[in-house]
Structures are given as C-alpha cells and as structure tokens.
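>>> kindly generate the corresponding structure for this input.
(2 chains)
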Amino acid sequence: MSAISDQIVPRSGHGAWLVWLGAAAMAFLAVFALALSMSAARLADSWTAALAQSATVRVSAPPAELDAQTEAVLEVLRTTPGIEDARVMTPEEQGDLLSVWLGPDLPLDALPLPRMVEVWETADGPDRQGLRLRLSAEAPGAIYDDHTQWRRPLIDAASRLRAVSGLALALIGAVTGAIIALAASAALASNAQVIRVLRLVGARDRFIARAFVRRMTRRAALGGVIGTALGMASMIGLPSLGPDATSGLGFQGAGWLAPLLVPVLIAVVAWAAAMATAFTVLRGVT
Amino acid sequence: MIQFEDVAHDYGGGALFEGVTVALDAGSFHFLTGPSGAGKSTFLKLCYGELLPSRGTVLLNDTSLRSMSRDALAEMRNSIGVVHQDCQFLDHLDIRSNVALPLSATGRPVSERDVDDLLNWVGLRAQAEALPPTLSGGERQRAALARAVIAAPRVLLADEPTGNLDWDMSQRLLSLMMELNRMGTAVLIATHDMNLIRTAKSHVSARVLRIAGRKLQSAGSEL
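Next comes the predicted model:
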C-alpha cells in the first residue's frame, strides 16, 4: 500500500522546489534564532552569577579621613555575617578600571578618587539594609553597592532577547507551515484528475491525503536537514570572542545537539500543515 | 442495491429528468438508452454518488447518499465498478497499475496473475506496461472496463463502454459483463448501441430503461 501511495502522485510537482528550498531557508534561520535564544539564556545566567555574589563599597571622604573610614569599613565587613571576604583595591587596579573610560594618560594620582573596597558575599548574602545602616554609622562616606541597579536591566535585556528569539522561532514555524500549505494546495489543485480517479475507485480521503502529505513531509525534512547543516556550519565559522566566550553567539557543549531538532520540527510542521490543507481541499471533491 | 425514489436532477437550467423511481437489484441487468443530452451520464453519476439529486432520494444499500459520510461513500464505491465515457486514468502509471488501482488504493492485496488474466481477457496483455496516453480510444475503454471489474464489484456501471470498439471486441466485453452478472453483479450499461442490447437480451434477462421527455420509461417491449 505504501508503495502505490508513493507512486500515485506524479513526481514532477511544480511546488517541489518551493517546499525544500523554503524548508531549508527556514531551518537555516531557525538555527540562528535558536543560537540567539540559547546565547541570551547563557548571557543572563553568566551576568547573574557574576554579579549576584559580589559588591563594592565606595568610600568618599576628605583625604585626612580616608584611611580611617576605609579601615572602619573593613572592620564592619569582617564582622558582618554573609560577607565572605573583602579587600581594598590598589590604586593600580582602580587606574586600570578607569583607564578604559578615561584613557591611559590621565593623571589619576592628581584626582580625588574614592577608595574602592571589593566585597564577596556568601551564598546567603548579608542583611544589606542592616549593613548599610552600620556603614553609615561607622563610615559616613561609605556606600554599599550590590550591583542591583546594574544587574536588573542586564537580566531584563537578556530575557527580552530570549523572548524575541522565541518569537522568531514561532514565526519561522508559522511561515514554514504557510509555505507547505501553499505548496500542498497547489499540488492538490494540479492533480485534480488523480484525486478524482482515486475517489472514483473508492480510495478514502486519508489514503489520498497521505500520498500527498508523505511527499511534502519528505521534501520539507530534506530541506530542513540541508538548512540546518548550513546553519550549523555557519555557526562553526563564526569568529570566536575569546577563550571565555560565554557572551558569544553560538552553541556550546551539549547545546550543539539542540539544532538537530530543527529538521524534525520542520517535518512535523510540514506534516500538520499539509494534512490540514489536504483534508480541506478533499472535502470539496465528491 | 441502488434505489431511486422520485428523483429529479437539474444543473440550474430546468430539470434534466424528474419523478424517477427505479431499483437496480442485486443480479439485475439493465440497459439505459435515450437521446444525447437526455441525462444518461447524470443518471450513472447519481448511482455512485458523484452527484447528489436535486430532489428525491438515492439509496445505496438502503442508505441515503445525502446521509453518507465520505468514508462510507468511498467504501460503497469500492463495491461499484464504473466505466466512464472519458475513461480517466492516472496517466503517469502504467496500465497494469491503473487496472489494479481499486485494490491497491484500498489496501487490498493485488494478485499479479489476476491482473494479467484480466488484461489478457480484454486484449491488453501486450500493453500492460504502456502508459494510458499511448493507448487508442478502444484500448482505453477496455482498460477502464478491466479496472472496473478487478475488485469483483457488486454493481457495474458502464457509460458507452463499447463506443470505440469493433463488433468482435464489443461482443467479448459484453460476454465478460454477462459473466459477471451471472455471478451476481448488478449491471447497468448506458448505450446507444441497439445491436448490443439485442445481443445481450438473447443471453440474459435484461431490462431496458429509456430517458426521454424528462422521464425514465421502461422500453423493454420495444426491443
């Protein structure tokens, strides 16, 4: 039965190229959208991990009081539960940070810079409200910055990036379905006599639909495999952002298995779209 | 098997025929005659559900065509062999595959030997691998008849099945249809060929129906 089912639709369908080319293009784009989604997730995780358990205390005071207030800050931090470690950043380290923004030739020694204390929190973290109160009492010029104001927008941005890439994937699926539906409709219309003869000899709609749908699904799956292979090859060819390229666009580790699902999903979408179209068209044939 | 109850049909320009009440019982043999355009092909299409009547009821095995699901209609058609006047085929498949289509398209096993025997009977054994467009009109009609009978239908409907055939081949196909009728298949042949009707009536008990003046009449006494 499957043998004749494969043969009853003539092979020279005009929509054949449309199906596999469309599926290949959509698969190629889907690989990029998937990479974007996974990269956004990785980025959000990376930023969250990097910023969640670190903080900075900025000590701004007249030069005469700066050392005393810095020492007071370190003492408060040493005696605060939830603080794992704290250290004063060296002038060179502060210079390195600022040279990125202000240039290497700026005379930093001449500027009244605040003293920076780098803080590492434990997993549970400190009582930040209480810590701020203690710091304001012991060192009025100290400000505890747990990076929340930086972290939240970054994580929001990563989440939105992920949502956008998810939307792109959904759109790719919808366009794939539309292409297949269009091609299936054209194939059914150009094979009106085939359908009429099959109905005449007693073939059920399911049999006729399967003959068309099977071919559509195969072509879409083939296009999906080609498009996915090209997409993955393009990903491999992307320039590396360095050894710690967590923020780079692309797949990492087991993430390379994810795009292998793209041809499968393309085939499933093609099957569903072609099946729905076939039954709709066949209902109009006696 | 097939019953018409007060059936009328029109294509929008007035009734082609009306008030038709007739039954094609199992094992019966009918001819359908009438002038061109009287509605013979339409009558046949109503018999296998390609058309629904404008008025009245067509029953296939006591089930109204109107209430039949598409699957039920397909099932029913598998027990009705039809020879169309225009002999439609799947032009990209060879004659052997086309003849076997009523079996293969419904998931039933195809016996190559049975197909070959049937092709032999209709004189198309040598054309088994040929594509339909390469056949002559007569050969196409014979192939259509072979396809119509391959699944041992309970009803055989034929629209001018011998229109393009010489007398010998017409006799040969008629004898095949009469043989099927003896085995219980109801046969309805729409034809203009009075010689064919007379020949058949000398061998089987055939009833002749005529569509004329928008009515279906029994014409048996005139032949």
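>>> assess the claim that residue A:272 and residue A:176 are in contact.
No - counting by C-beta atoms under 8 Å, residue A:272 stays clear of residue A:176, with 10.3 Å between them. C-beta: built from backbone N, CA, C; applies to glycine.
>>> give me the common contacts of these two.
In terms of C-beta atoms under 8 Å, 6 or more residues apart in numbering or on different chains, residue A:272 and residue A:176 are not both contacted by any residue.
>>> who's more crowded, the two?
More neighbours surround residue A:176 than the other of residue A:272 and residue A:176, with 28 against 15 (other C-beta atoms under 10 Å in any protein chain shown).
>>> what helices or strands is the helix or strand where the more buried one lies leaning on?
For residue A:176, the element it lies in under DSSP states H and E is helix A:148-190. Applying 3 or more C-beta pairs under 8 Å, 6 or more residues apart in numbering or on different chains; DSSP states H and E, we find helix A:148-190 packed against helix A:16-52, helix A:205-237, helix A:261-282.
>>> any idea how many residues pack against the residue of the stretch 151-286 of chain A found nearest chain B?
Residue of the stretch 151-286 of chain A nearest chain B, by C-beta to the nearest C-beta: residue A:202 (3.0 Å). Using other C-beta under 10 Å, residue A:202 has 26 other residues around it.
>>> skipping its backbone neighbours, what lies nearest residue A:57 in space?
residue A:117 (4.1 Å; C-beta to C-beta, 6 or more residues apart in numbering or on different chains).
>>> any idea how far residue A:70 is from the one you found?
7 Å (C-beta to C-beta, to the nearest Å).
>>> mutual contacts of these two, please.
Joint contacts of residue A:117 and residue A:70 (C-beta under 8 Å, 6+ apart) are A:59, A:88.
>>> coming back round to it: check the offset of the helix holding residue A:176 from the chain's centre.
12 Å (C-alpha atoms, centre = their mean, to the nearest Å).
>>> next, the angle from that helix to helix A:261-282.
40 degrees (axes from the mean of the first three to the mean of the last three C-alpha atoms, to 10 degrees).
>>> which helices and strands sit right next to the next helix or strand after helix A:148-190?
For helix A:148-190, the following helix or strand on the C-terminal side (DSSP H and E) is helix A:192-200. Judged by 3+ C-beta pairs under 8 Å, 6+ apart, the packing partners of helix A:192-200 are helix A:205-237, helix B:70-77.
>>> can you tell me which of those helices is most buried?
Highest mean neighbour count among the helices and strands packed on helix A:192-200 (mean count of other C-beta atoms under 10 Å in any protein chain shown): helix A:205-237, with a mean of 20.
>>> just checking, what packs against that helix?
Against helix A:205-237 (3+ C-beta pairs under 8 Å, 6+ apart) you get helix A:2-7, helix A:16-52, helix A:148-190, helix A:192-200, helix A:261-282, helix B:70-77.
>>> and residue B:153, backbone torsions?
phi -70, psi 160 (degrees, to the nearest 10).
>>> from residue B:130, how far out is the residue lying closest to it once chain neighbours are set aside?
Spatial nearest neighbour of residue B:153, chain neighbours left out: residue B:81 (3.7 Å); criterion: C-beta to C-beta, 6+ apart. Using C-beta to C-beta, we find residue B:81 at a distance of 22 Å from residue B:130.
>>> is any residue of the strand or helix carrying residue B:146 near chain A?
When secondary structure is defined by DSSP H and E, residue B:146 falls within helix B:137-149. Yes - part of helix B:137-149 sits near chain A under the criterion C-beta under 8 Å from any C-beta of the partner chain, namely residue B:147.
>>> quick one: average pLDDT of that helix?
Across helix B:137-149, the average pLDDT comes to 90.
>>> after it, next one along is what?
The C-terminal neighbour of helix B:137-149 among helices and strands, as given by DSSP H and E, is strand B:155-159.
>>> ok, that following strand near chain A or not?
No - contact of strand B:155-159 with chain A (C-beta under 8 Å from any C-beta) is absent, the minimum separation being 10.7 Å.
>>> who touches that strand?
B:1-2, B:24, B:40-41, B:44, B:47-48, B:79-85, B:145, B:148-149, B:177, B:180-181, B:185-191.
>>> ok, stretch B:168-178 next?
With contact meaning C-beta under 8 Å, 6+ apart, stretch B:168-178 is reached by B:29, B:121-123, B:138, B:142, B:145, B:149, B:156, B:158, B:161-162, B:165, B:187, B:189, B:193, B:196, B:199-200, B:203-204.
>>> okay, now residue 159: neighbour count?
Since you didn't name a chain, this refers to chain A. By other C-beta under 10 Å, neighbour count at residue A:159 equals 14.
>>> my bad, the chain I had in mind was chain B
Residue B:159, neighbours per other C-beta under 10 Å, totals 22.
>>> hey, what's it bridged with?
Residue B:159 forms beta bridges with residue B:190, as assigned by DSSP bridges.
>>> distance of it from residue A:192?
For residue B:159 relative to residue A:192 (C-beta to C-beta), the value is 20 Å.
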